[in-house]
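**Student:** Here is a sequence together with a model predicted from it:
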Amino acid sequence: MAREKSQEMEKLSSQICNQISSVFSKTTDPYPPPLDLLVTELAGVSRRSARVFLHGVGREGLMLKAFAMRLFHLGLSAHLVSDVTTPPIYSSDLLIASAGPGGFSTVDAICSVAKSSGAKVLLLTAQPETGSCVRHATAVCYVPAQTMASDGGGGGDATAAKEGRELLPMGSVYEGALFVLFEMVVYKLGEALGESPESVRSRHTNLE
């Protein structure tokens, strides 16, 4: 029984990982590869001693929160928009915001404020052509993954819903892809900035 359960978990985990991994096999033309775009923009933030702000809602927001933590560990001045200690954004700074389905009213508003302050706005989205947030973006990071706008349950593709229960519902593919993308960025950015494992670890909090 234990062996069967182990095999079941191995199969299920492989299916989930493969579904998320398949996102990165898709072309993002005419938008730049998301990994290259994020590494380039964040390396620029580091070079000019600027700050990076991150914002997202729901599970997307949780992925960005984890990303902000690692950016801080890499030595960047990283801030979550929702924190009470978040400083003002200026023209030299970068806002990274996520709107998988293309737009959220709160994300739209935050992007608009950042843009009006002269800051760069990098938008992560799976709907670059139709999303309301795109009009505020100075750079679009296209992540071609399923979101709640295309899972068949919210007015998207109904075919998938008819075929039975989905392995990853609603926006889980997009959210999982964000986590993997951010881990790739942390690896490549650390390399670009010359950060050693020791220097990264030295910035981890000791208040735990």
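**Tutor:** Alright, I've got the coordinates. Numbers count the residues shown, from 1 in each chain.
**Student:** where exactly do the strands run in this protein?
**Tutor:** For the chain, strands defined by DSSP state E occupy the ranges 51-55, 77-80, 94-98, 120-125, 139-142.
**Student:** Mind putting those into TSV with mean pLDDT and mean neighbour count?
**Tutor:** Where you see a C-beta, it was placed from the backbone N, CA and C, and this is true even at glycine. Formatted as TSV, the strands of the chain follow (pLDDT from 0 to 100; neighbours: other Cβ atoms under 10 Å):
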stretch	mean pLDDT	mean neighbour count
strand 51-55	98	24
strand 77-80	98	18
strand 94-98	97	27
strand 120-125	97	25
strand 139-142	96	21
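**Student:** Could you say which one of the ones you listed comes nearest to residue 44?
**Tutor:** Comparing these against residue 44 with Cβ to Cβ, the closest turns out to be strand 94-98 (7.8 Å).
**Student:** which residue is nearest the middle of this structure?
**Tutor:** Centroid-nearest residue in the chain, with Cα atoms, centre = their mean: residue 178, separated by 4.1 Å.
**Student:** burial of the residue nearest to it when sequence neighbours are not counted, as a residue count?
**Tutor:** Counting by Cβ to Cβ, 6 or more residues apart in numbering, residue 63 is the residue found nearest to residue 178 once chain neighbours are left out, at 4.1 Å. Here the number of neighbours of residue 63 (other Cβ atoms under 10 Å) works out to 24.
**Student:** follow-up on the earlier one: give me the distance between the residue nearest to the centre of the chain and residue 147.
**Tutor:** Residue 178 sits 11 Å away from residue 147, going by Cβ to Cβ, to the nearest Å.
**Student:** The strands of the chain: which one's closest to residue 195?
**Tutor:** Across those, closest to residue 195 is strand 77-80 (Cβ to Cβ), at 13.8 Å.
**Student:** residues contacting residue 173?
**Tutor:** By Cβ atoms under 8 Å, 6 or more residues apart in numbering, the contact set of residue 173 is 19-20, 23, 145-147.
**Student:** Which one of the residues you listed is nearest to residue 84?
**Tutor:** Once Cβ to Cβ is applied, the member of these that ends up nearest residue 84 is residue 147, at 29.5 Å.
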